[in-house]
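**Student:** Predicted model and sequence follow; I will ask about them next.
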Amino acid sequence: MTTPLICVLGDLIEDVVVRPAGPVRYGSDVSATIVRRQGGSAANVARAVAGLGARARFACRVGADPLGDRLVAEMSSARVDVRAEREGRTGSIVVLVDHDGERTMIRDRGSSGEVGLPSGDWLDGADALHLTLYTFEEPPGRATAMAVAAQARTRRIPCSLVLSSVAVLEAMGRPGVDSLLAEACPDIVLANDDEARWLGVTRRPRPELATLVITRGARPALLWQDGQCVDVDAVAGVDAADTTGAGDAFAAGFLVARASGSDLVGSVRAGHKAAASRLARQSRRPRAVGGGPGHPAEGAS
């Protein structure tokens, strides 16, 4: 069987992960462990896809700056086929990680929201297309994502969309999100529990969402297909000192399994396994003083 090819469109930015040693005191200071690493939800998915042994093709826009050089080089060294536009300024996200592993993110997307349409051969041979809600946040990126989704439909390439963030959903508003879903027509929507609750689909999915996967941290994921719900257990006993990127790893595991022929339940299980592996790797990294294990954040699976 041919190794599956997953195409991903979206952000490539720098994560500045901050783990305070104690409570953050307004107007004062606190010791912390600070780590800089490649980030961006879409980039994380593409890199995780490659890490799982599948082929990953990634389109993005980064600045014509040294940070953009470094991030593109890191993605390429991880065996991702990167198609990067180079203009403007590369974005960054400050990720504040508390003692339970929950994250608060402060975003500056730089020029990533202005990603243009990839070359016509970008989807050639693709088994799946993956998009994030972040890409739809700004008009240039939204136009590009819609065009790519339309190309995928024409070519009968399955398209998945992750809802990314309650903050982004709120900024778009319910009419805006409804319009986006109707126009993009994703085959699969991925959401965490908070995002699903915001959309009102936790217990009664909307008819236009034929397949919906709701991750719920350490609790079973909910798989909705054609109005029927199946619980799929998460991996037990995972340390989650830092859940950054675990939801993206879940998406990658799901996509690779699905493109390799697994059914939806098996694909959700593969997503859980990939997320658990990500969390396990991060639990072995040095922690800030006073840090401790907790539970995965919603969507981290």
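**Tutor:** Okay, I see it.

**Student:** need the helices for the stretch 201-301 of the chain, in chain order.
**Tutor:** Along the stretch 201-301 of the chain, counting by DSSP state H, counting those that start in this stretch, helices occupy 246-259, 264-283.

**Student:** just checking, what packs against the last one?
**Tutor:** Which is helix 264-283. strand 211-216, strand 219-225, strand 228-232, helix 246-259 (3 or more Cβ pairs under 8 Å, 6 or more residues apart in numbering; DSSP states H and E). Backbone N, C-alpha and C define where each C-beta goes, glycine included.

**Student:** The longest one packs against which elements?
**Tutor:** With contacts taken as 3+ Cβ pairs under 8 Å, 6+ apart, helix 246-259 sits against strand 5-9, helix 41-51, strand 128-132, strand 159-162, strand 188-192, strand 211-216, helix 264-283.

**Student:** One more: the second one?
**Tutor:** The contact analysis (3+ Cβ pairs under 8 Å, 6+ apart) places strand 219-225 against strand 211-216, strand 228-232, helix 264-283.

**Student:** Can you check which of the ones you listed gets nearest to C159?
**Tutor:** strand 211-216 (11.1 Å; Cβ to Cβ).

**Student:** For the closest one, list the C-alpha coordinates in CSV.
**Tutor:** Taking Å, rounded to 0.1, in the frame of the first residue of the first chain, the C-alpha atoms of strand 211-216 are listed here in CSV:
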residue,chain,number,x,y,z
THR,A,211,-18.8,13.2,11.0
LEU,A,212,-17.8,15.0,14.2
VAL,A,213,-15.0,14.0,16.6
ILE,A,214,-15.1,15.6,20.1
THR,A,215,-12.0,15.1,22.2
ARG,A,216,-12.5,15.5,26.0
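
**Student:** Would you list the strands that it pairs with, along with their directions?
**Tutor:** Applying DSSP bridges, strand 211-216 is found paired with strand 188-192 (parallel), strand 219-225 (antiparallel).

**Student:** deepest of these, which one?
**Tutor:** Of those, the one with the most neighbours on average (mean count of other Cβ atoms under 10 Å) is strand 188-192, at a mean of 27.

**Student:** Return the most buried member of the helices and strands packed on strand 219-225.
**Tutor:** Most buried among the helices and strands packed on strand 219-225, counting by mean count of other Cβ under 10 Å: strand 211-216, with a mean of 25.

**Student:** Please enumerate residues in contact with that one?
**Tutor:** Residues outside strand 211-216 that contact it (Cβ atoms under 8 Å, 6 or more residues apart in numbering): 187-193, 196, 201-202, 205, 221-225, 234, 247, 250, 254, 264, 268, 271, 275, 298-301.

**Student:** who touches R83 in this structure?
**Tutor:** Per Cβ under 8 Å, 6+ apart, neighbours of R83: 57-60, 118-119, 122.

**Student:** ok so, going back, now the strands paired with strand 211-216 in TSV, with mean pLDDT?
**Tutor:** As requested, the strands paired with strand 211-216 are arranged in TSV below (pLDDT from 0 to 100):
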stretch	mean pLDDT
strand 188-192	95
strand 219-225	91
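
**Student:** Just put those strands in JSON lines and tack on distance to M105.
**Tutor:** JSON lines is the format used below for these (distance: least, Cβ to Cβ, whole Å):
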{"stretch": "strand 188-192", "distance to M105": "14"}
{"stretch": "strand 219-225", "distance to M105": "22"}
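
**Student:** Is P118 in a helix, a strand, or coil?
**Tutor:** State at P118, reduced to three classes by DSSP: H, G, I helix; E, B strand; the rest coil: coil.

**Student:** Leaving out sequence neighbours, find the closest residue to it.
**Tutor:** Distance criterion Cβ to Cβ, 6 or more residues apart in numbering; nearest residue to P118, sequence neighbours excluded, is A59 at 4.2 Å.

**Student:** got it, and E183?
**Tutor:** M146 (6.1 Å).
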